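> Got a predicted structure here, sequence first:
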Amino acid sequence: MAGSSSTGSTSKTEWVTAFAAVAAVLVSSAGALVSCQVKDSQTRTAHQTDVTARYSAAAKDIGSDQRLTREAALYALKDLARDNAPNSCRESAQLLSAFLRWAGPNVKADDAAPSTTSAVSKDEVWVAAGMVAAVTSR
């Protein structure tokens, strides 16, 4: 009988040890899962912050007096729409459309004006119109 009580005690100890090991694995797995979810959330937040900053910079630059700055903003909007579809497509199309409404009365009559003037070139209008078409056709 003395041998059977030590055997029962050993199996209890093994059972408790096994249970503790399983519990430790579960707690560790839960911690890893929470860590992954937090990292994913932080990554999404950082990406959205970057997109917002890029969009704001393009919105500011599209109204610049400098032609090259405006053109860079047009291409930045196109890139935003391409890289972040479908989220940024509508916003980019709206800003490009606003640019076209603003640019309409400001289109210069000829291409003789310097490229740094506030007059909008026909090329800018064509580029913006093409981008609106490309962005909205998705």
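Arrived safely, thanks for sending.
> Tell me which helix or strand residue 65 sits in.
Assigned by DSSP states H and E, residue 65 falls within no helix or strand.
> Which phi and psi values does it adopt?
phi -80, psi -20 (degrees, to the nearest 10).
> What count of nearby residues applies to it?
10 (other Cβ atoms under 10 Å). From N, CA and C alone the C-beta is placed, and that goes for glycine too.
> And it, how far from residue 74?
Look at residue 65 and residue 74: by Cβ to Cβ, to the nearest Å, they are 15 Å apart.
> Counting by contacts, list what the biggest helix by length in the chain packs against.
Identified as the longest helix of the chain according to DSSP state H is helix 2-61. The contact analysis (3 or more Cβ pairs under 8 Å, 6 or more residues apart in numbering; DSSP states H and E) places helix 2-61 against helix 67-83, helix 89-103.
> could those helices go into JSON lines alongside distance to residue 24?
JSON lines is the format used below for those (distance: least, Cβ to Cβ, whole Å):
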{"stretch": "helix 67-83", "distance to residue 24": "43"}
{"stretch": "helix 89-103", "distance to residue 24": "48"}
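> Nearest to residue 41, out of those?
helix 67-83 (20.3 Å; Cβ to Cβ).
> Report the buried residues of the closest one.
Within helix 67-83, the residues that count as buried by 16 or more other Cβ atoms under 10 Å are 67, 70, 71, 72, 73, 74, 76, 77, 78, 80, 81.
> Return the angle between stretch directions for it and helix 2-61.
On the basis of axes from the mean of the first three to the mean of the last three Cα atoms, to 10 degrees, helix 67-83 is oriented at 150 degrees to helix 2-61.
> for the protein, which spans come out with low pLDDT?
For the chain, the stretches flagged by pLDDT under 70 are 1-10, 85-87, 105-119, 121, 135-138.
> And for residue 127, nearest residue in space, chain neighbours not counted?
When the adjacent residues along the chain are set aside, residue 127 lies closest to residue 74, with 5.5 Å between them (Cβ to Cβ, 6 or more residues apart in numbering).
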